[in-house]
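Trainee: Sequence and predicted structure are below.
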Amino acid sequence: PSMAGASQTSSGFGTAALQMADGTAECKQFGKQVVRLRQGLVALSKSSLWAMDVPNRWAFDFAGTTAADLASKVAWRKVMDLPLESKVMEEKADDEAEDEDPDDFDFEALPTRLLAVGPKCDQIMIFKTEGLLLRPWLLVEMRGDPWGTETQVTTVTSTASVPWKRKEELFEPAISGLNPEYCSLLPSVLRMDQRHGGYLFFDECGRSYRLRDEEILLQQDAWVAPSFDASAVQRIVTFKFPSENGAGRSCLFSVLARFEYFQKALENWQEGASAEVVVTDATTETFDLLLRYFHNGTLDSTLSLENLVGLLELGNKYLLPHLMALCMSKILRQLGERGIIRDQNPTLMADLLIVAGEASAGGSFKVKIMDTIASSRPDLTHDASFLSRVSARSVDLLAQLLSSLRSDLSCESVPKRRKIQCARQKTLWSNPKVLAGPAWSGA
């Protein structure tokens, strides 16, 4: 996204001269869209992002400081203008072509935006409405001196959405201050970290909605529908499965060509030649699910944990961040259901831990799986099949899991079982060698 007056630096950050707020009406648009970061405050108006340095009371010398001096240090400064949607931009261009005053541009036509703290200490997340749904839109990292003169903007999206408004019959229409026919989200978003990593939303009827970190991804990694146009390359790629008596599956080249892995694997494929790919690490059952994903970009809600683990492994192998995001969120949702994890066999849990450790887009997903095993299935660390399977792929991964089981128990005010679980989680989430931020955050 472009930033007003910005230039790109070699570090990937854009630089912009900060504009001082002079009592303009734009600062009055902030409402509840203000968050606190380490360096100061960040606010969001309908069209731009603002920052304010907050003096450290321990480092700032208040002796002899006048109110005017203090006010000059806490003024709002514009950091960047938000990119406008193409449709709105076209309408604005049409208005200007008709010699209308561009200052009369109706910013009410823009989608509603919400501001939240990002996963890193100098990041903020901006959410944007799409009709009646809300999705993450921009991740902005702020640096420089003064703070905010350097910004790095990343466009993001998600595999799930949060209902911005829900049409329903309310027994008390006065509950909704916006529209008696709708129940809307409250304007504040909570950032959750560690094992609950993601964002929490609340609506006017008291419902809560959760958007996991695993459900967020870069816009460039979003699923794109295949082309079946007659002009597209419609050759056939065959996948062979030697372990299943030579069983095969076929797919159009144009469907696969959207993905980087297959682009490179088949880039030297000559027209008229046969293209055959040998698959030794997946069953035809799992691969059929992958082919279905290639065509519609979704996963069946009834998939088993075993299917999801297999798809996650294929998503990591074939560099499919969108598929991995779908799998990780569904896996965590299943493991969160009461009793589900207790019924899983040690071999499947070992495969899940291994795939989580290898997932390139996993972020903290690996730690969440370790947390689940340490808290709900510590018996697996005494199971020979589990230990041998994990150690055969990664001794370090097994060592990281086992280290959390040797925690110092220091909580005296809770029952022993909960005390043990608390200590194990503290060990896991405080280990910098294990912990990693979401892949989309640049951590």
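Mentor: It's in. Residues are numbered from 1 along each chain as shown.

Trainee: Just give me the longest strand of this structure.
Mentor: Secondary structure of the chain per DSSP state E: the longest strand is strand 133-143.

Trainee: who does the helix or strand following that strand pair up with?
Mentor: Next along the chain after strand 133-143, taking DSSP states H and E as the criterion, comes strand 150-158. Strand 150-158 has its sheet partners listed here by DSSP bridges as strand 14-15 (antiparallel), strand 133-143 (antiparallel), strand 216-218 (antiparallel).

Trainee: Need those strands in TSV (columns: mean pLDDT).
Mentor: Formatted as TSV, the strands paired with strand 150-158 follow (pLDDT from 0 to 100):
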stretch	mean pLDDT
strand 14-15	54
strand 133-143	94
strand 216-218	94
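
Trainee: Pick the most deeply packed of those strands.
Mentor: Most buried of those by mean neighbour count (mean count of other CB atoms under 10 Å) is strand 216-218; its value is a mean of 23. Quick note: C-beta positions are derived from backbone N, CA and C, even for glycine.

Trainee: need the next SSE after that strand, C-terminal direction.
Mentor: According to DSSP H and E, the helix or strand after strand 216-218 is strand 236-241.

Trainee: Just the residues contacting that next one, thanks.
Mentor: 246-253, 256, 262, 266, 274-280, 282-284, 287 (CB atoms under 8 Å, 6 or more residues apart in numbering).

Trainee: what do you get for stretch 222-231?
Mentor: By CB under 8 Å, 6+ apart, stretch 222-231 touches 157, 234, 252, 254-255, 258, 294-295, 297, 322.

Trainee: and these, which of them are in strands?
Mentor: 157, 252.

Trainee: picking up where we left off before, reformat the strands paired with strand 150-158 as CSV; add distance to L398.
Mentor: Shown next, in CSV, are the strands paired with strand 150-158 (distance: least, CB to CB, whole Å):
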stretch, distance to L398
strand 14-15, 43
strand 133-143, 34
strand 216-218, 29
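
Trainee: Of those, which is nearest C121?
Mentor: Nearest of the strands paired with strand 150-158 to C121, taken as CB to CB: strand 133-143 at 9.7 Å.

Trainee: roughly how far out does the closest one sit from the chain middle?
Mentor: 10 Å (CA atoms, centre = their mean, to the nearest Å).

Trainee: returning to what we had before: now go through the contacts of strand 236-241 and say which are in helices.
Mentor: Filtering those for membership in helices, criterion DSSP state H, returns 253, 256, 262, 284, 287.

Trainee: Emit the PyMOL select command for whichever of the contacts of strand 236-241 are buried.
Mentor: Of those, the buried ones go into a single PyMOL selection, burial set by 16 or more other CB atoms under 10 Å:
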select buried, resi 249+251+252+253+256+262+266+275+279+282+283+284+287
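
Trainee: is it true that S208 touches M192?
Mentor: No - S208 is beyond contact range of M192, at 11.2 Å (criterion: CB atoms under 8 Å).

Trainee: Those two: who's more crowded?
Mentor: The residue with more neighbours, out of S208 and M192, is M192; 14 against 9, by other CB atoms under 10 Å.

Trainee: hang on, isn't that one packed against L211?
Mentor: No - using CB under 8 Å, M192 is not in contact with L211, being 9.6 Å away.
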